[in-house]
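J.: 3D model of this:
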Amino acid sequence: MFRLITPLKAVSRAVPRHAYSTSTKSSGGSTAYAYYGDKLGGAAAAAAPKAEAVVAAQKEPVSSALDPNAFVDFKLKDVKKVTHNTSRFTFELEEDQNLGLDVTSCVVTKFIKEDGKPVIRPYTPTSDKNHTGSFDFVIKHYEGGPMSTHIHSMKPGDTLSIKGPISKYPLKANQHETVSLIAGGAGITPMIQIISGLLKDKTDKTKINLIYASVSPDDIILKDELDDFAKAHPDRLKITYVVDKPVEGWNGPTGYVTSELIKKSIPEIGKGNTKVFVCGPPLMMKAVSGVKGPNFTQGDVGGALKELGLTNDNVFKF
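T.: Residues are numbered from 1 along each chain as shown. Purely as a prediction, here's the structure:
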């Protein structure tokens with residue numbers, strides 16, 4: 001996982017508590033209208049008006065379940081295995097609630113250890129941002145990782161404290177001609193949020209390229225969901241899977257994400273109005289984009305992307 005993350009569906013990196021700040025989000029509303037028509041026979045039909053009766057059914061406005069200034073407890077509803085060490089955790093919301101997250105936003109989670117000390121970690125939900133009634137985390141279990149171990153030990157009915165949202169990069173529809181996503185392991189979760197958010201916006205025309213590196217084919221997280229997106233939007237989404245340990249029958253690239261692999265998979269990278277997003281384990285980040293700067297600033301671009309001529313303006317590191 002990237003230490004940082006359906007219908008889609010965080011995986012965490014230890015970050016000091018002071019590193020997280022949140023801001024309030026505005027909530028929207030919607031009104032649904034129901035139409036009813038009567039058909040009457042005989043004399044009653046002659047006397048009845050011919051126009052349909054229209055009845056407006058007012059719905060409660062959708063509201064955000066999050067509090068940017070305080071942790072809120074959410075009840076675990078369901079757990080489903082995704083890979084041998086990764087699961088999807090579905091948490092309950094009210095039917096008229098969603099998380100109120102924009103694309104490239106995350107939340108922070110908290111639990112209190114037996115010694116009374118809090119553990120706080122960031123995760124990116126993988127659910128559609130407009131989904132109401134529940135939300136999902138896809139979380140990889142890291143041996144010795146306190147938060148992932150805690151969440152993987154939870155059972156339906158248990159609660160998890162969550163605060164947010166925290167905006168990372170204000171990505172809007174048609175902001176860039178293309179976005180290129182380079183992910184490793186559990187670092188796919190913020191990328192799924194980007195893919196889902198852009199492809200489900202009917203006004204957006206952004207082209208999306210994804211390079212997703214995993215240890216083996218069995219470690220590819222949410223491959224079915226990703227393939228469904230690519231199948232539904234072949235003109236907008238291109239995916240390249242790369243694995244370090246291939247198995248018999250694997251036809252994709254093998255090894256690590258290098259400048260040569262990036263250039264081959266995304267020939268147009270760095271050209272025009274484009275942005276590259278990178279999320280993965282520390283060693284991958286160092287090799288692909290360079291590590292982040294002090295106090296979780298972006299730092300200078302390094303690694304393969306620097307070799308390809310990209311600058312700080314072209315790259316965002318999760």
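
J.: For Leu226, list the residues it contacts.
T.: Counting by C-beta atoms under 8 Å, 6 or more residues apart in numbering, Leu226 touches 188, 192, 195, 210, 212, 239. For every residue, glycine as well, the C-beta is placed using N, CA and C.

J.: out of these, who has the most neighbours?
T.: When neighbours are counted by other C-beta atoms under 10 Å, Ile188 leads the contacts of Leu226 with 35 neighbours.

J.: ok but that one is inside a strand, no?
T.: No: using DSSP: H, G, I helix; E, B strand; the rest coil, the assignment for Ile188 is helix, not a strand.

J.: any idea how far it is from Ile195?
T.: Distance of Ile188 to Ile195, given as C-beta to C-beta, to the nearest Å: 9 Å.

J.: about what we covered before: export the contacts of Leu226 as JSON lines, with columns for pLDDT.
T.: Output for these, formatted as JSON lines (pLDDT from 0 to 100):
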{"residue": "Ile188", "pLDDT": "98"}
{"residue": "Ile192", "pLDDT": "97"}
{"residue": "Ile195", "pLDDT": "98"}
{"residue": "Leu210", "pLDDT": "98"}
{"residue": "Tyr212", "pLDDT": "98"}
{"residue": "Ile239", "pLDDT": "98"}
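
J.: nearest to Thr254, of those residues?
T.: Proximity of the contacts of Leu226 to Thr254 (C-beta to C-beta) peaks at Tyr212, which lies at 13.4 Å.

J.: quick check, distance from the strand or helix carrying that closest one to the centre of its chain.
T.: Assigned by DSSP states H and E, Tyr212 belongs to strand 207-214. Counting by C-alpha atoms, centre = their mean, to the nearest Å, strand 207-214 is centred 14 Å from the centre of its parent chain.

J.: Partner strands of it and their direction?
T.: strand 178-184 (parallel), strand 237-243 (parallel) (DSSP bridges).

J.: Tell me where the stretch 51-200 of the chain has helices.
T.: Assigned by DSSP state H, counting those that start in this stretch, the helices in the stretch 51-200 of the chain fall at 146-152, 188-199.

J.: do you know which of the ones you listed lies nearest Tyr169?
T.: helix 188-199 (9.2 Å).

J.: sorry, back to before: make CSV from the contacts of Leu226 and add distance to Thr132 to it.
T.: Compiled in CSV, the contacts of Leu226 are given as follows (distance: C-beta to C-beta, whole Å):
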residue, distance to Thr132
Ile188, 24
Ile192, 19
Ile195, 20
Leu210, 27
Tyr212, 29
Ile239, 28
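
J.: Pull the contacting residues for the residue at minimal distance from the centre of the chain.
T.: By C-alpha atoms, centre = their mean, the chain has its centre lying nearest to Gln193, at 2.8 Å. By C-beta under 8 Å, 6+ apart, Gln193 lies in contact with 8, 101, 103-105, 124-126, 129.

J.: closest to Asp73 among these?
T.: Using C-beta to C-beta, Pro125 comes nearest to Asp73 of the contacts of Gln193, at 16.0 Å.

J.: doesn't Phe135 make contact with that closest one?
T.: Yes: between Pro125 and Phe135 a contact is recorded at 5.0 Å, counting by C-beta atoms under 8 Å.

J.: circling back: between the strands paired with strand 207-214, which one is closest to Lys117.
T.: Minimum separation from Lys117 across those (C-beta to C-beta) falls at strand 178-184, 29.9 Å.
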